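Asker: need a structure here:
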Amino acid sequence: MVPSRATHSPALAFRQSAPPASKHRYVLYRACVSLASRPPLSVSRVSIPMLRSQRLVSRHLGVRSHALQLQQTRDASTIKKLMAANRGEIATRIMRAGNELGIRTVGIFSKEDRFTQHRYKADESFLVGEGKTPVAAYLDIGSIVQIAKENNIDAIHPGYGFLSENVGFAEECAKNGIKFVGPTPENLRRFGDKTAAREIAIEQKVPVVPGTPGPVYNLEEARAFIDSGVGYPVIIKASMGGGGRGMRVVTCAEELEENYGRASSEALAAFGDGTVFIERYVDRPRHIEVQILGDGKGNVVHLHHRDCSVQRRHQKVLETAPAVGLDPKTEKAMIDDAVRLTKAAKYLNAGTVEFLVDKQGRHYFIEVNPRIQVEHTITEEITGIDLVQSQIRLAGGESFEDLGLSQDKIVPRGHAMQCRVTTENPSTGFQPDSGVIEVFRSPGGMGIRLDDGPGFVGAHITPHYDSLLVKVTARALDRGDCAHKLKRALSEFRVRGVTTNKSFLANVLNHPDFIKGVVDTSFIAENPDLLLPSTSTNRGQKMLKYIGNTIVNGPEKALGATGPAPSKVDPIIPTLAAPPASSGKSLRQTYVTEGPEAFAKAVRAKKGLLLTDTTWRDAHQSLLATRVRTRDLEAIAPATAIAMRDAFSLEMWGGATFDVSMRFLREDPWDRLASLREAVPDIPFQMLLRGANAVGYTSYPDNVVYKFCEKAQATGMDVFRVFDSLNYLENMKLGIDAVGAAGGIIEGVVCYTGDVSDPTRGPYNLEYYMDFVRQLVDQGIHVLAIKDMAGLLKPQAAQLLVSS
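Answerer: Residues are numbered from 1 along each chain as shown. Presented below is the predicted three-dimensional model:
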């Protein structure tokens, strides 16, 4: 329908002027209309692009953000705003801890991480390291500190890896008045460098593995040390960093040159420092570590120990707490050494003192990890102490007394195990896989904790970073029960689209030696059968693919299907003669030369029925999931341009076509519009515009919708069908205004339901529709459409509605 309007309404005049500079309350109303009638409540995140959403929500609607609400009830420390200078799982863990303490959180992300979860877990997020490599982005101290300064960030938590042990980073934070959630620069200087840590251990009479007194700077020095009497085997270790990187075992002189070069280059790539040192290799030890917390004043408490002996190439695979099967004397000596060593350094914050225990029960200090560790979760589970919260509060100046920490109260209870579900393929040497996750279902239940990273449906797993998807932690009073819970959790995981190490982890948990409770660091190397993959049947996806194939291509004769084979039709593209020059002005020519009001007048003057052809959009959306390609449309466009020249419009863009073109067809929807406009110059093009949602699935800022409509009209779009499935005028107004400002033809939509021919039925009666249409006309629409989405508009009802 085309409303008859002789003059412009004020609404239409407004559309032709520039949009208002600020519509905060209007945007806020659209985003939060469902909250407006409720009492104040906690909202963890309201996404309103280009606005400080939480402040606006709090100010205008009385809705408090989760961080703001908690901050009123608990002033945890002097820290009000905390940055997680990391990515993935640990960044999310830090943000959750900050959120629980009532602290506003800030994230950073590289360009490659712009779609990952940790970016959206924070209250605010910032791009870092623009133009740098994916890893270098998170090592950009200058950019990170600059972001912190510009956004009033009180403290930075570095997580693990990246800059967590970088003395320069900690000093730069201190220089700019930013709290570093970790050890002091002096602690990092002494313990971040493993050779310096060895010297402190020797001073404190903590037993160490025989090795070089300091770094080894070249191959000649390495060879001279080994030949001095230490002999082979030895292990070359990176002086900085951790996680098993920059470590190589050398069993004979012929292997020294290659492994020295590999260890040094790997250390340089991972930590920015290729310095290494050498120790005698302890054969078949257990790897035990003691978790400590220090207050920086010489007070240290320990949170007992963990067994990290299940390793592959010096990288931890599965950790348990507490370590079982230790000689009580060895256990006490290790804990005492760990506490004495860190007390002497007046250690601040969380750290881990790591030891090797040989077959004779002798323990040797190997390093202090001056940071939170990946496996901290199992210590939290057996002690009930939140290590990350403790880190934040200690950095904020709180004491052990404030935290309620005293050694006599830290008593382990039960057992915990953690494994890391990664995209590594055990059968190909643990080579990381990459791709898109098609299915991701997580486990749950009593005693299972998930610390999630980038694992979710649709996630793009890239080769740029660590392959961790999620950490799974199980807890139970009995070690055997704990292992069973972890196995059950792994069996519930469903990950499709990328390969995972899930079967390898299950093999470890099922191995008799692991079940007995005591294994050493050679466990995986001596049991190659652990690497054997278990074949996934993947029945659900196979069934779905079969059904989809059958629907599209018909039943498979080879599988015994009966009936005729699917017919094959080669479509014939007709050859049509161009219309004679005397055929008159088309509707589109009227619109282009005289504008939308003249177009509406020309439509009203037309005698007979005008048609809109939906083949190029709604038809193939319904029948073929919008999968008709641009090249398919281009093939029939010349014939369509002739055959449908007198049509009201061709519906060919907007709605789902925009999303599907990019997501599935890998096409540019703007290219489609421009190409078809060139091929069909005289027929009006029509699109579907979802009001404030434009062609997306969320509300957008006003300027985005205005710019979108402007570009669409300039590229060749004519008629914009603006609709809201609930006839919610407030959601349609922005779309109507934006189309009007762009100079497009506004087709306002009434979505039909009920039965207007039955006066006893309400509330969707004739009066309701007439009132809504009047409001649309007042908005300045040029065309009125009745959208019968569910096929409810009966002939007599249609006659009554249209004539009214």
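
Asker: Domain parsing of this protein, as residue ranges.
Answerer: Following the assignment in automatic domain parsing, the chain carries domains at 74-181, 210-281, 287-531, 586-803.

Asker: can you put those domains in JSON lines and add distance to residue 189?
Answerer: No exception for glycine: its C-beta is placed from N, CA and C like everyone else's. What follows is these, written out as JSON lines (distance: least, Cβ to Cβ, whole Å):
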{"stretch": "domain 74-181", "distance to residue 189": "5"}
{"stretch": "domain 210-281", "distance to residue 189": "11"}
{"stretch": "domain 287-531", "distance to residue 189": "10"}
{"stretch": "domain 586-803", "distance to residue 189": "48"}
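
Asker: Out of these, name the one with the poorest average pLDDT.
Answerer: Here the lowest mean pLDDT among the domains of the chain goes to domain 210-281, at a mean of 85.

Asker: quick one: it to chain centroid distance?
Answerer: Distance of domain 210-281 from its chain centroid, counting by Cα atoms, centre = their mean, to the nearest Å, is 38 Å.

Asker: what's the answer for stretch 85-101, then?
Answerer: Averaged C-alpha coordinates place stretch 85-101 at 13 Å from its chain's average position (Cα atoms, centre = their mean).

Asker: Do a quick rundown of the helices in the stretch 651-800 of the chain.
Answerer: Taking DSSP state H, counting those that start in this stretch as the criterion, the stretch 651-800 of the chain carries its helices at 656-663, 669-679, 702-715, 729-742, 766-778, 795-803.

Asker: can you redo the ones you listed as CSV with distance to residue 326 and mean neighbour count?
Answerer: Converted to CSV, the helices of the stretch 651-800 of the chain look like this (distance: least, Cβ to Cβ, whole Å; neighbours: other Cβ atoms under 10 Å):
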stretch, distance to residue 326, mean neighbour count
helix 656-663, 54, 18
helix 669-679, 64, 17
helix 702-715, 61, 19
helix 729-742, 65, 23
helix 766-778, 76, 15
helix 795-803, 82, 13
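
Asker: Tabulate these in a markdown table, adding columns for distance to residue 518.
Answerer: As requested, the helices of the stretch 651-800 of the chain are arranged in a markdown table below (distance: least, Cβ to Cβ, whole Å):
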| stretch | distance to residue 518 |
| --- | --- |
| helix 656-663 | 51 |
| helix 669-679 | 61 |
| helix 702-715 | 61 |
| helix 729-742 | 64 |
| helix 766-778 | 75 |
| helix 795-803 | 79 |
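
Asker: Tell me which of those sits nearest to residue 359.
Answerer: Between residue 359 and these, the shortest separation by Cβ to Cβ is 57.5 Å, and it involves helix 656-663.

Asker: who's in contact with the closest one?
Answerer: With contacts defined as Cβ atoms under 8 Å, 6 or more residues apart in numbering, helix 656-663 is touched by 617, 621, 625-627, 630, 667-669, 672, 695-697.

Asker: all strands for the stretch 101-250 of the chain, in order.
Answerer: All strands of the stretch 101-250 of the chain, identified by DSSP state E, counting those that start in this stretch, fall at 104-109, 124-127, 155-157, 179-180, 234-238, 247-250.

Asker: Among these, show me which one is buried the most.
Answerer: Mean neighbour count (mean count of other Cβ atoms under 10 Å) peaks for strand 155-157 among the strands of the stretch 101-250 of the chain, with a mean of 28.

Asker: Out of the helices of the stretch 651-800 of the chain, which gets nearest to residue 117?
Answerer: Ranked by Cβ to Cβ, the member of these that lies closest to residue 117 is helix 656-663, at 19.4 Å.

Asker: tell me the angle that closest one makes with helix 702-715.
Answerer: Taking axes from the mean of the first three to the mean of the last three Cα atoms, to 10 degrees, one finds that helix 656-663 is oriented at 90 degrees with respect to helix 702-715.

Asker: and the closest residue to residue 236 other than its chain neighbours, what is it in contact with?
Answerer: The spatially closest residue to residue 236, leaving aside those adjacent along the chain, is residue 263, at 4.2 Å (Cβ to Cβ, 6 or more residues apart in numbering). With contact taken as Cβ under 8 Å, 6+ apart, residue 263 is in contact with 236, 237, 238, 246, 247, 248, 276.
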